[in-house]
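**Student:** Just need the structure, nothing else, for what follows:
(one chain, ligands or ions: 1)
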Amino acid sequence: MQFLENFNPTLTIASPGRINFIGEHTDYNMGYVLPTAIENKITFKFQKNESNTKCNVYSVGYKGFSLDLNSISISDTEWENYILGVLKEISKLTKKLKGFDCTIDSNLPLGSGLSSSAAMECGLAFGLNELFNLGLSKMTIVELSQRAEHSYVGTQCGIMDQFASVMSKEATVILLDCQSLEYQYIPIDIHPYKIIMLNTKVAHTLASSEYNTRKQECEEGVAIMKTQNAHITSLRDVTRAMLEVSKQEMKETVYNRCSFIIDENQRVLEMVKAFKENDLKAVGRILYEAHYGISKLYEVSCPESDFLVDFAKRNTSVLGARQTGGGFGGCTLNIVHENGVDDFKQKSAEAYKEAFDIDLEAFEVQPSGGTSML
Ligand code: GLA
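**Tutor:** A predicted model of the protein is given here:
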């Protein structure tokens, strides 16, 4: 792109991906989540240009595109919608946005359940907020980025990913209550264990539509239970006893979805307790339990993720494992003793290659800080 010839960036922003220890699909059900940012990130460089409305965006590996702030609409090129959606949402809040040039580079594997989407949205919003002094709070950046994903990308996501990308702090996980948006930083020290991610390298195309279907199924469950319990507005208000009372009135699938969410919220609180008591065995057990639910009740796993979690169970250096993120592939999160990490990576890679003929990617992550200026 032409702007690259005279590119003189004045601002660099790093926007991280995230892992979620526990609390999957609970965010849009107004429950609890326990995510944190990781070191893998998307880096943005910005400069203002002379124009009032012309913007140029270049992403390494995806080429680039130009746009006019006065005529933003959904693009046929998927990744452009992360940019366009954020610009549209910012324009609704302020008139201060003007022409800019931007380059984007990433060491965050895309489509791997580590939330490259939120990193993209939040990094752009954070950067433009600085560049044009827009005066948006961090929480506004989180919320406008979530809205951008709803309206421009089409995934009716919860708030976890954007929140984790912006608000995380090093060496902690965030206990976020997605109903009240109250949050606490929980320090974690899992020495001598490590967090090892195994990237299945599969990103099933169904993910976005199935995601929205899960959300609808949960809403269906809530609507049925509401006839008996008028105060219920989300699965957050539902107890196991209420679910059992309404079991006969709902499809088995809807029952299973609700059942998973009720347990998953409980698991978040249990895991926080386990971290506070440094009970890493419990942390591991909860991960395995969660994966069972992800796979059999919420049905957002896939053969590749199930294979890796089952394989981890047979390794005595691993305390626990589960698929992390929206599902249908992406990464599994594994808690592995430092002495067994190399062996675990190697054996998993060999077995995975034999089973699926895919080269597994394995890497360590650490709880890291949120979106920041470099
Ligand atoms: C995706 C969504 C999040 C959350 C997770 C599942 O990452 O963006 O809002 O629902 O899936 O926990």
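
**Student:** can you count the residues close to Val86?
**Tutor:** Using other CB atoms under 10 Å, Val86 has 27 neighbouring residues. For glycine as for every other residue, the C-beta is placed from the backbone atoms N, C-alpha and C.

**Student:** Based on its surroundings, how many neighbours for the residue in the stretch 1-150 of the chain that the ligand sits nearest to?
**Tutor:** The ligand sits closest to Glu24 of the stretch 1-150 of the chain, with a gap of 3.9 Å, by CB to the nearest ligand atom. Other residues near Glu24 number 28, with proximity taken as other CB under 10 Å.

**Student:** For Thr12, see how far away it is.
**Tutor:** Counting by CB to CB, to the nearest Å, the gap from Glu24 to Thr12 is 32 Å.

**Student:** Can you classify the residue of the stretch 1-150 of the chain closest to the ligand by secondary structure?
**Tutor:** What DSSP: H, G, I helix; E, B strand; the rest coil gives for Glu24 is coil.

**Student:** surely it meets Glu289?
**Tutor:** No. Taking contacts as CB atoms under 8 Å, Glu24 lies outside contact range of Glu289: 12.0 Å.

**Student:** excluding its backbone neighbours, what's nearest Val142?
**Tutor:** Gln162 (4.5 Å; CB to CB, 6 or more residues apart in numbering).

**Student:** what do you get for Met120?
**Tutor:** Per CB to CB, 6+ apart, closest to Met120 is Tyr82, 4.5 Å.

**Student:** For that neighbour, give me phi and psi.
**Tutor:** Torsion angles at Tyr82 (phi, psi; degrees, to the nearest 10) stand at phi -60, psi -40.

**Student:** residues touching it, list them.
**Tutor:** By CB atoms under 8 Å, 6 or more residues apart in numbering, Tyr82 lies in contact with 117, 120-121, 124, 148-149, 152-153.

**Student:** I'd like to know which of those are part of strands.
**Tutor:** Using DSSP state E to define strands, no part of these is located there.

**Student:** Name the member of the residues you listed with the most neighbours.
**Tutor:** Most neighbours among these, by other CB under 10 Å: Glu121, with 33 neighbours.

**Student:** and that residue, how far is that from Arg147?
**Tutor:** The gap separating Glu121 from Arg147 is 9 Å, by CB to CB.

**Student:** And for Asp189?
**Tutor:** 36 Å.

**Student:** Could I get the full set of strands for the stretch 51-200 of the chain?
**Tutor:** Remark: strands assigned in the stretch 51-200 of the chain by DSSP state E, counting those that start in this stretch are 54-59, 63-68, 100-106, 172-177, 183-187, 193-203.

**Student:** wait, Ala164 sits on Leu114?
**Tutor:** No. Here Ala164 does not reach Leu114: they are 10.3 Å apart, not a contact under CB under 8 Å.

**Student:** of all of the stretch 251-374 of the chain, which residue lies closest to the ligand?
**Tutor:** Taking CB to the nearest ligand atom, the stretch 251-374 of the chain has Gly326 as its residue nearest the ligand, at 3.2 Å.
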